[in-house]
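Asker: return a 3D structure for these sequence lines:
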Amino acid sequence: MRVDHVVTSGTFSLDGGTWEVENNVWIVGDDREVVVIDPAHDADEILGGIGDRAVRAILCTHAHDDHISAAEDLANATDARVYLHPADEVLWRMVYPDAEFDPLHEGDTFTVGGGTLVVMHTPGHAPGAVCFHAPDLGVVFTGDTLFAGGPGATGRSYSDFDTIIDSITERLLALPPETVVHTGHGDSTTIGAEAPHRQEWITRGS
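Answerer: Numbers count the residues shown, from 1 in each chain. Next comes the predicted model:
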């Protein structure tokens, strides 16, 4: 089991604004099979990172449009199912009024490449935000819940600062400090590098 990585470029739109963004797309598995985390912007670029491997699932950390914009095209190209927490359906419908997804919930597991991903519901950035913990690799995929430098943004619709702080504190900071944090945008970090700054985030966000 290993982690491969593609960066795709596009836009994020919500609440009447649009911003240019680059997204991390994580491809987790081995030489035979993978899952794809956060199918952003460009299905062809993601397919190039997958190669000839079978896609067992398409996993979404949340349903902001930049994280799901290639989901339907990637699903059609691979015959893989798209999984999302149902609390984010309102955001999903902004992009896909008619397309369906399979629900995922706290504690669900996905097995691929000889390892396991465990779903952790971490609302705050979005109501259905989740992280995927890969204990076999010592890695957690946090989407936009936790970045190098602090929590994800909570200034737009369907987000809440106190909730994201609770999610990070109760779920993510409880992981071993050496756990590598692979984020939805930008550089990776570790739980140990971020944990000492929790009070700073609270002060900054209050």
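Asker: every contact and neighbour count from this point should use C-alpha atoms.
Answerer: Noted.
Asker: next, the residue lying closest to residue 35 once chain neighbours are set aside: phi, psi?
Answerer: Spatial nearest neighbour of residue 35, chain neighbours left out: residue 57 (4.9 Å); criterion: C-alpha to C-alpha, 6 or more residues apart in numbering. For residue 57, the backbone dihedrals (degrees, to the nearest 10) come out as phi -170, psi 150.
Asker: low-confidence ranges in the protein?
Answerer: Within the chain, the segments meeting pLDDT under 70 span 206.
Asker: returning to that earlier point: the residue nearest to residue 35 contacts residue 84, doesn't it?
Answerer: No: Residue 57 lies out of contact with residue 84 (C-alpha atoms under 8 Å); the separation is 10.8 Å.
Asker: which one's more surrounded, those two?
Answerer: residue 84 (24 against 21; other C-alpha atoms under 10 Å).
Asker: does the more buried one touch residue 101 like I think?
Answerer: Yes: if you go by C-alpha under 8 Å, residue 84 and residue 101 touch, sitting 6.5 Å apart.
Asker: so where do the strands sit in the chain?
Answerer: Secondary structure of the chain (DSSP state E): strands located at 2-14, 17-29, 33-37, 54-59, 82-84, 102-103, 109-112, 115-121, 130-134, 139-143, 146-147, 150-151, 180-183, 189-190.
Asker: would you list those in CSV and tack on distance to residue 69?
Answerer: CSV is the format used below for the strands of the chain (distance: least, C-alpha to C-alpha, whole Å):
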stretch, distance to residue 69
strand 2-14, 9
strand 17-29, 11
strand 33-37, 12
strand 54-59, 12
strand 82-84, 12
strand 102-103, 16
strand 109-112, 22
strand 115-121, 21
strand 130-134, 17
strand 139-143, 14
strand 146-147, 21
strand 150-151, 23
strand 180-183, 17
strand 189-190, 25
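Asker: for residue 205, which of these is the nearest?
Answerer: strand 150-151 (9.7 Å; C-alpha to C-alpha).
Asker: chain center to that closest one: distance?
Answerer: 14 Å (C-alpha atoms, centre = their mean, to the nearest Å).
Asker: helices or strands next to that strand in the packing?
Answerer: helix 198-205 (3 or more C-alpha pairs under 8 Å, 6 or more residues apart in numbering; DSSP states H and E).
Asker: how about the helix it packs on: buried residues?
Answerer: For helix 198-205, a neighbour-count test (16 or more other C-alpha atoms under 10 Å) marks residue 198 as buried.
Asker: same deal with stretch 7-17?
Answerer: 7-8, 11-12.
Asker: want to throw these into TSV with distance to residue 78?
Answerer: Shown next, in TSV, are the buried residues of stretch 7-17 (distance: C-alpha to C-alpha, whole Å):
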residue	distance to residue 78
7	19
8	19
11	24
12	25
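Asker: tell me the one among the residues you listed nearest to residue 183.
Answerer: The closest of these to residue 183 turns out to be residue 7 (C-alpha to C-alpha; 11.5 Å).
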